[in-house]
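Undergrad: With the sequence up front, the predicted model follows.
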Amino acid sequence: MDSLTLRRPDDWHVHLRDGAALAAVAGFTARRFGRAIVMPNLTPPVTTAELARGYRARILAALPADTNFEPLLTLYLTDATLPDEIDRARATGFIHGVKLYPAGATTHSDAGVTDIGKVHAVLARMERIGMPLLVHGESTDPAVDVFDRETHFIETVLQPLLERFQALRVVFEHITTRGAVEFVSAARDGVAATITPQHLLHNRNAIFAGGIRPHYYCLPILKRERDRQALLDAATGGNPRFFLGTDSAPHARTAKENACGCAGMFTAHAAIELYAEAFESAGRLERLEAFASHFGADFYGLPRHSDTLTLVKESWVPPRSYEFGAGTLVPYRGGEPVAWRIAG
């Protein structure tokens, strides 16, 4: 197959940042996707409907003039979030989820939830009105090995949460392990997961190939080859519980290449093209449309797009860096070939 036309895809997990950084990266997502669930871990975080309204306005102002891209906003859950804020979020019509960051789990997560018991009242309200909970599923206990944080979170937090809130809709975001695939596949109705391109294309060896590779460092961290293969099987297997979420997370080069570099990989510049590579590697390119364009929209109760996007099997090389505010941003595969490109 040397070309593929699919219904316009959506990105159900992306970081667009703010200010000059937002202006630098928003166009990449808007060119490829019709909608995106935008993460709220700004500084300060987007914790209220009013803050989300302002952030949405800034995103729209940063978009190219000729785009129909729609940002879907989220709230950042904290120990102090009140149930009434969930009602206000639902009333906006543009807030589509609430993000659970365990405090200290990843970039700008210090204001996250310290104990899931502190937000039970909020979760009950979300369950009642049908607001999805979007979960960064990693334990932050320093005694837990970094490669076991997802598994530990499933056992100690996520499974008990699903049992307590039987109707709560949950997206287990950017899953990384075979155990997470098995958990989501066997979970009750209303549980889904997103999968990133980097976790489909790489195992943890990529972080250490020829030395420390900071631009392959993300959280949750890349795992074993058996985990990558399980994720690839899940993404390409046609199960509607699994759908596209890039977790594209831009950081300035200086923030990545230092003694304590930030977690995150920037993939928005070639996102759907990278998924095409992954699906082609599994011999299941024809299943990309459902994963990218159908299953996420169906889960969130939104219409599938009517327009299309065409990919062609033609190699191109992304630049080694992009402008990023006052600095530069190193994209995934910068200076290296990508096998598929968008037509036109």
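TA: Received the coordinates, thanks. Residues are numbered from 1 along each chain as shown.
Undergrad: next one: stretch 150-163 to chain centre, how far?
TA: When C-alpha coordinates are averaged (CA atoms, centre = their mean, to the nearest Å), stretch 150-163 and its chain have centres 19 Å apart.
Undergrad: List the buried residues for it?
TA: If you call a residue buried by 16 or more other CB atoms under 10 Å, then stretch 150-163 has these buried ones: 150-154, 157-158, 161-162. (Each C-beta comes from the backbone N, C-alpha and C, glycine too.)
Undergrad: Tabulate these (a markdown table), appending secondary structure.
TA: Rendered in a markdown table, the data for these read as follows (DSSP: H, G, I helix; E, B strand; the rest coil):
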| residue | secondary structure |
| --- | --- |
| 150 | helix |
| 151 | helix |
| 152 | helix |
| 153 | helix |
| 154 | helix |
| 157 | helix |
| 158 | helix |
| 161 | helix |
| 162 | helix |
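Undergrad: if we take these, which one ends up nearest to residue 86?
TA: Sorting the buried residues of stretch 150-163 by how near they are to residue 86, with CB to CB, puts residue 161 at the top with 16.1 Å.
Undergrad: List just the nearest of the buried residues of stretch 150-163 to residue 220.
TA: residue 150 (5.6 Å).
Undergrad: any idea which helix or strand carries residue 120?
TA: In this structure, residue 120 sits in helix 120-129 according to DSSP states H and E.
Undergrad: Kindly indicate whether the closest residue to residue 295 other than its chain neighbours is helix, strand or coil.
TA: Excluding the flanking residues, the one nearest residue 295 by CB to CB, 6 or more residues apart in numbering is residue 243, at 4.0 Å. Three-state call for residue 243 (three-state DSSP): strand.
Undergrad: how many neighbours does residue 243 have?
TA: By the other CB atoms under 10 Å criterion, the neighbourhood of residue 243 contains 28 residues.
Undergrad: May I ask you to confirm that it is in contact with residue 11?
TA: No. Taking CB atoms under 8 Å as the contact criterion, residue 243 and residue 11 are not neighbours in contact, 9.9 Å apart.
Undergrad: In this structure, where is pLDDT below threshold?
TA: Counting by pLDDT under 70, the chain contains no low-confidence segment.
Undergrad: how about the strands in it?
TA: When assigned using DSSP state E, the strands of the chain occupy the ranges 3-7, 11-14, 35-38, 70-76, 95-100, 133-135, 170-172, 191-195, 242-244, 308-312, 322-324, 327-329, 341-342.
Undergrad: nearest residue to residue 202 other than its sequence neighbours?
TA: The shortest distance from residue 202 to any residue that is not its chain neighbour, by CB to CB, 6+ apart, is 5.5 Å, and that residue is residue 222.
Undergrad: Please read the previous query as pertaining to residue 275.
TA: Once its chain neighbours are removed from consideration, residue 275 has its nearest residue in residue 197; the separation is 5.5 Å (CB to CB, 6+ apart).
Undergrad: tell me the contacts of that neighbour?
TA: Under the criterion of CB atoms under 8 Å, 6 or more residues apart in numbering, the contact list for residue 197 reads 246, 267, 271, 274-275, 278, 332.
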